[in-house]
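[1] Below is the sequence, then the predicted model.
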Amino acid sequence: MSLEKTLAKIFNLNEQNWLKHSNPVSVYTRYLVLPFLSAPIYFRYELGNIWWVFFVLAILWMFINPVLFPKPKSTKNWASRCVLGERVYAKRKELNLPEHHQSPIFVLSNLLAFIGFVLTFYAAYYDEGKLMILSILLASLAKTWFLDRMVWLYLECKHLDPEFESWDY
């Protein structure tokens, strides 16, 4: 099972929940996860023993966010197409994707996002505020780069499977 399919299972992203997650509000508020996770760690001394409550709430937000919002009225927007592209990408081994969508750019952008993610927690733990902010920016920009490639992937490959075209409304 691919990493994407494993993550979809962890986040309970079945057919109905994928469509909920394609709501632009879900996509854009998902960007809050990393700041919400790192802030309680960074401010743990100021918050005292309740810092972990905010951390747990951020983890809950990470799991609730993809299924919290209703199915969008339309998927003809950038944010919805990001999620739909991720669904296409998760099936990439089963599809005959064009060669230009088989480049390492997807892996590189996710690697940069992961590095930003790890650096964010390092900086939060060691009270390095500037590094934490820069790391959040690195993770967010890299994720946005990946998502933008997902839109391109979706728009070029939605004809490869009848299921994909049913998502375009």
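    Nice, I can see it.

[2] From Pro40, how far out is the residue of the chain positioned farthest from its centre?
    No residue in the chain sits farther from the centre than Gly48, which is 30.3 Å out by Cα atoms, centre = their mean. Separation of Gly48 from Pro40 (Cβ to Cβ, to the nearest Å): 11 Å. (Glycine included, C-beta is placed from N, CA and C.)

[3] so where's the longest helix in the chain?
    Looking across the chain with DSSP state H, the single longest helix is helix 129-157.

[4] got the buried residues for that one?
    Neighbour-count burial for helix 129-157, with 16 or more other Cβ atoms under 10 Å as criterion, is recorded at 132, 135-136, 138-140, 142-143, 145-147, 149-151, 153-154, 157.

[5] Summarise which helices and strands it is packed against.
    helix 33-42, helix 78-90, helix 105-125 (3 or more Cβ pairs under 8 Å, 6 or more residues apart in numbering; DSSP states H and E).

[6] relative to helix 129-157, how tilted is the longest one?
    By that I understand helix 105-125. Using axes from the mean of the first three to the mean of the last three Cα atoms, to 10 degrees, the direction of helix 105-125 lies 160 degrees away from that of helix 129-157.

[7] Counting neighbours, which bits of helix 105-125 end up buried?
    In helix 105-125, counting by 16+ other Cβ under 10 Å, buried: 106, 109, 112-113, 116-117, 119-121, 123-124.

[8] Could you give the separation of it from the chain centroid?
    Relative to the centre of its chain, helix 105-125 is centred 13 Å away, using Cα atoms, centre = their mean, to the nearest Å.

[9] for the first one, same thing?
    For helix 33-42, the distance from its own C-alpha centre to the chain's C-alpha centre is 16 Å (Cα atoms, centre = their mean).

[10] Which SSE is immediately downstream of it?
    helix 44-47 (DSSP states H and E).

[11] same for the helix or strand that comes right after that following helix, what does it pack against?
    Next helix or strand after helix 44-47 toward the C-terminus (DSSP H and E): helix 51-68. Packed against helix 51-68, as judged by 3+ Cβ pairs under 8 Å, 6+ apart, are the following elements: helix 15-21, helix 24-30, helix 33-42.
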